[in-house]
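Asker: need a structure here:
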Amino acid sequence: MHTKSVMRSAVAAGLALLVVSTLRADELRWKFKQGETLNYVLERGIEGKLTLSGAEIQFTMQMIFDTSWKPAAVAGDGTANMDLTVDRIQVNMNSPLFGRMAYDSKSSKEPEGPVWAQMKPVMGGMLGETFKAKISPLGQMSDIELPKKLSDALASQQVGENRRQGFGIGSSGFDEKGIKELLVKSVLVLPEAKDATWTQSFENKIPMIGTQISETTFSVAGTEKLDGKDLAKISAETELAFEPIENPRADLEIMSQEASATYYFDPQAGHMVKANGVQKAEMEVSGPQEVTQNITETMSMHLGKSPDKPAAEDAPDKK
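Answerer: Coordinates of the predicted model:
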């Protein structure tokens, strides 16, 4: 009996390895079909603490985007000319500097104050507007075109490479580069036929300080059954690095970091079902003044739509 049990375990382990190998080689591909619509909810949350000259400032931010993905055309190699539309935007922010702000595009209520005055043109340039891009079966996004309304809003605010301030944990802000980076990150990249691991990297310049580099390593972690379907489970680990410029205005050091994410991909349907991840980092800037930043960033993405009730109606009024 014991011998049979060992044999069964060995066979099961062998089958598991075979499944992983098969997924890497043949099944992990985005399969786009003209006329179909994929609805995804993208959520990003930031909780942070900034220590400046001994004073601590805590802040939180949550942004939720309901999106529609529609292939306008699919080439013979499976690459899709994708139309990505932002159907709904929800924002919740809280900071002692600006107070509390809540916005939901489904609500007729709009926030007040300088933060919303700055954000409104950009949010309006996204809402109901369509981004265009090419996405390959390996999830590689290229030829990204922002909606004209958004491009005009960004241009009017002069949000660009020379206006970036501060430092973060692997992503730039709401300028053209930052928005395109968020779009690229929303599409799970997949491996070549025989790759056990594969990577994706981004660089973000911090003016007069240097360049922050984030590199994510993906690997297939087997399969998992969700809602009756066998999904490929993909793990990801991200590492941050920093390269200073010559004679920087200030010195930046990454004191600690950890980041991981899990993606679930349906190999039969050819699309991602859901993903979630968390990234933590502590950074210190020394120069004219000492600044320490601790940030925890969470991300999630799943098929479907957000609950109907506007988030702005749940948030307390700003005091």
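Asker: next up, the contacts around the residue nearest to Glu239 when sequence neighbours are not counted.
Answerer: Once flanking residues are discounted, Glu239 sits nearest to Glu215: 5.4 Å by CB to CB, 6 or more residues apart in numbering. For the C-beta atoms, the positions are set from N, CA and C on the backbone; glycine is no exception. By CB atoms under 8 Å, 6 or more residues apart in numbering, the contact set of Glu215 is 199-201, 238-239, 241.
Asker: report the two of those residues separated the most.
Answerer: Gln200 and Ala241 (14.4 Å; CB to CB).
Asker: who has more neighbours, those two?
Answerer: Using other CB atoms under 10 Å as the criterion, Gln200 and Ala241 rank with Gln200 on top: 17 against 13.
Asker: so what's that one up against?
Answerer: Counting by CB under 8 Å, 6+ apart, the residues that Gln200 touches are 189, 215-216, 218.
Asker: coming back round to it: could you dump the contacts of Glu215 to a markdown table with secondary structure, pLDDT and distance to Asp308?
Answerer: Below are the contacts of Glu215 laid out as a markdown table (DSSP: H, G, I helix; E, B strand; the rest coil; pLDDT from 0 to 100; distance: CB to CB, whole Å):
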| residue | secondary structure | pLDDT | distance to Asp308 |
| --- | --- | --- | --- |
| Thr199 | strand | 95 | 39 |
| Gln200 | strand | 96 | 34 |
| Ser201 | strand | 96 | 38 |
| Thr238 | strand | 96 | 34 |
| Glu239 | strand | 95 | 40 |
| Ala241 | strand | 93 | 43 |
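Asker: may I have the strands that pair with the longest strand seen in the chain, each with its orientation?
Answerer: In the chain, taking DSSP state E as the definition, the longest strand is strand 55-74. Applying DSSP bridges, strand 55-74 is found paired with strand 38-52 (antiparallel), strand 80-95 (antiparallel).
Asker: which one of the ones you listed lies nearest to Glu284?
Answerer: Among these, strand 38-52 comes nearest to Glu284, with 9.1 Å by CB to CB.
Asker: ok, and for the closest one, which residues are buried?
Answerer: 38-48, 50 (16 or more other CB atoms under 10 Å).
Asker: just those residues now: which is nearest Thr79?
Answerer: Among the buried residues of strand 38-52, and counting by CB to CB, the member closest to Thr79 is Leu38, at 15.8 Å.
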